[in-house]
Every structure is written in structure tokens, then in C-alpha cells.
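In: Sequence and predicted structure below; questions after.
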Amino acid sequence: MKVTSGERVFGVFNMLFLFLLSLTSLYPLIFVLFASFSDPAQLVQSRGILLFPKGFNLDAYRMVFMNPAIGTAYLNTMFYVLVGTTVNIILSSMAAYGLSRRDVMWKNGIMFMIVFTMFFEGGLIPAFLLVNDLGLLDTRWALIIPTAISAFNLIIMRTAFQAVPVELEESARLDGANDFRICWSVVIPLSLPVIAVMLLFYGVSHWNSWFSAMIYLQDRALFPLQLILRDILIANDTSRMMTDISSSDQMPIGETIKYATIIVATVPILCVYPFLQKYFVKGVMIGAIKG
């Protein structure tokens, strides 16, 4: 097929636009990365666009990793991500399987109530009172149990499970399989792209979560990484990392510490995405085929 000159011009402008859009999206991360490696004194004096590190200094990273609160917060976040995502996937899969079967009574009414919660909710105060009455306040489970199932993710998983041929379920029942066996041995293996997408959705949600921790947790030993990051960025809480630094040098070094903390808190979740990216589009499309 012959490509016309108009199509070539459109392709050039389209690629140029996408390149500029990608650069605009990536530059904030590049700026933070370069700033975290920069010399604090030179960085404070710098103005405008940062296209390369101003000098080279790793003191900010040294202070970040020497801060015991960062290490504890990292372990807490890993617990919330691993345990929380496991709970999310198990409960969401079971609920999606039950609501995707044809012979389940009142499934439409149950789905209506689930969708209703996406538009209306009790609010923050009733949620806090509920968590307190359940004895979850100031415990790790306060960040896991209340968000065990996302209504949006449940709908995606239910739609994907409905796409599994009913003949496979009938064949498994003839072989003596019960619903649990059909769910874990037939439906879920055929829906791995959607499961991968849910792992990404739930995992990123737990990794980035800080508001629930701020509301439900008081013990700093339970704080996730993002809440510590918030204290450093918003509350400017970097003084405890610079006990051996003179007061005149604390301000510029504090700036690089903020950037280094952002990188430390962001890079791990960015490294996970490439391994799930190939399933991402496929899983979302599968979940959107059938309503």
C-alpha cells in the first residue's frame, strides 16, 4: 500500500508530539533523579531546568539509608504490599467467581449494592469509628482489612471470569470438581492476564497509600514509607537525619535529602511494572469485553 505525503507528514508530527508528551511526563522524574545526586550548595544556587546533576554528591542517599525510620518504613510497606495484595487477590477472586456464575441467586442485587458503594459511602468519620470498634486502630490490619476488596477491581475480575467458557466449568463438574476447585484450577489459570493487572492495581495502591495510615496509625513504628516521605516533604522533617551537620548546611542538604527520599520510595515500584506490562493491556481488554 502506497503511503501518501500527507500520511508521512502526519506520522512525523504525531511522533514529534508523542516524543514531547513523553518528555514532559518523564522530566519531573529526571529532575528529581539529577537533583538527588547533585551537590547541595550548587543545587540551591541553580535555577530553571536541570539537565544534569550539579556536581556529584551521595551524602543525601547516605543519610536516607542511615535513617532507621526509612528502613522500618520500608519493611512496613513491604508487609502492607505483600500481605495486603495477597488478601485482595484471594477475596476479590472468590467474590468475582461467585458473582460471575449463572446460577447464583440475587447476584444482580448484590452487584447493585457493590456498585452503589462506588457512588455513595458513609464518609471518613463512620469508617474511623468502624475501624476503632473492630479493634483495628493503630494496628497493621487497619490498612489491609478495610480495603480488602475494591469494587472497581471486583467488577473487572467478574467480567473477565464471565468470559471463561461455561463448557469448561461443566466438564470440571462432571469430573467431580467443586466450586473451589473450579475457581482455582480452571477459571483463575485462564484469567492470568487479569490477575496480573489486579496485582499491579492493588500493589501500587498499597505502595502509594499514606492517607489511611495517617488516619488509623499513631505508632511511628507502623508507618509505611509514603507517610515518612510525606513528613519529609511537607513537614520538612529532615533534621533528625542531620544531627552531625552544621545548621548553615542543613537547608541545602535537606533539599537533596527530599529528592533522594522520593527516588528511594519510587524506584522499587517502577522496577515491578515492566514485568507486568505485557499483561496490562491484554488484561484490561479482557475485563472490558463483556459487561
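Out: That came through, no problem.
In: Please count neighbours and contacts with C-alpha atoms only from this point.
Out: Will do.
In: Over to residue 135. Which of the three states is it?
Out: Using DSSP: H, G, I helix; E, B strand; the rest coil, the structure places residue 135 in coil.
In: count of residues packed around it?
Out: 12 (other Cα atoms under 10 Å).
In: Over to residue 100?
Out: Other residues lying near residue 100 total 20 when counted by other Cα under 10 Å.
In: can I assume it is in contact with residue 161?
Out: Yes: assessed by Cα atoms under 8 Å, residue 100 is found in contact with residue 161 at 6.2 Å.
In: Where do the domain boundaries of this structure fall?
Out: By the assignment in automatic domain parsing, the chain contains the domains 1-57, 66-289.
In: Pick the most buried one from those domains.
Out: Comparing these by mean neighbour count (mean count of other Cα atoms under 10 Å), domain 66-289 ranks first with a mean of 17.
In: mean confidence for that domain?
Out: Taken as a whole, domain 66-289 has an average pLDDT of 83.
In: Please state the offset of it from the chain centre?
Out: Mean-position distance between domain 66-289 and its chain equals 7 Å (Cα atoms, centre = their mean, to the nearest Å).
In: Going forward, count from 259.
Out: All set: I'll call the first residue 259, so the last point we hit is now domain 324-547.
In: Residue 399 and residue 408: what is the separation?
Out: 16 Å (Cα to Cα, to the nearest Å).
In: got it, and residue 442?
Out: Distance from residue 442 to residue 408, by Cα to Cα: 20 Å.
In: Quick check on residue 392: phi, psi?
Out: Reported as degrees, to the nearest 10, the phi and psi values for residue 392 are phi -80, psi 0.
In: That one and residue 477, how far apart?
Out: Distance check for residue 392 against residue 477: by Cα to Cα, it reads 18 Å.
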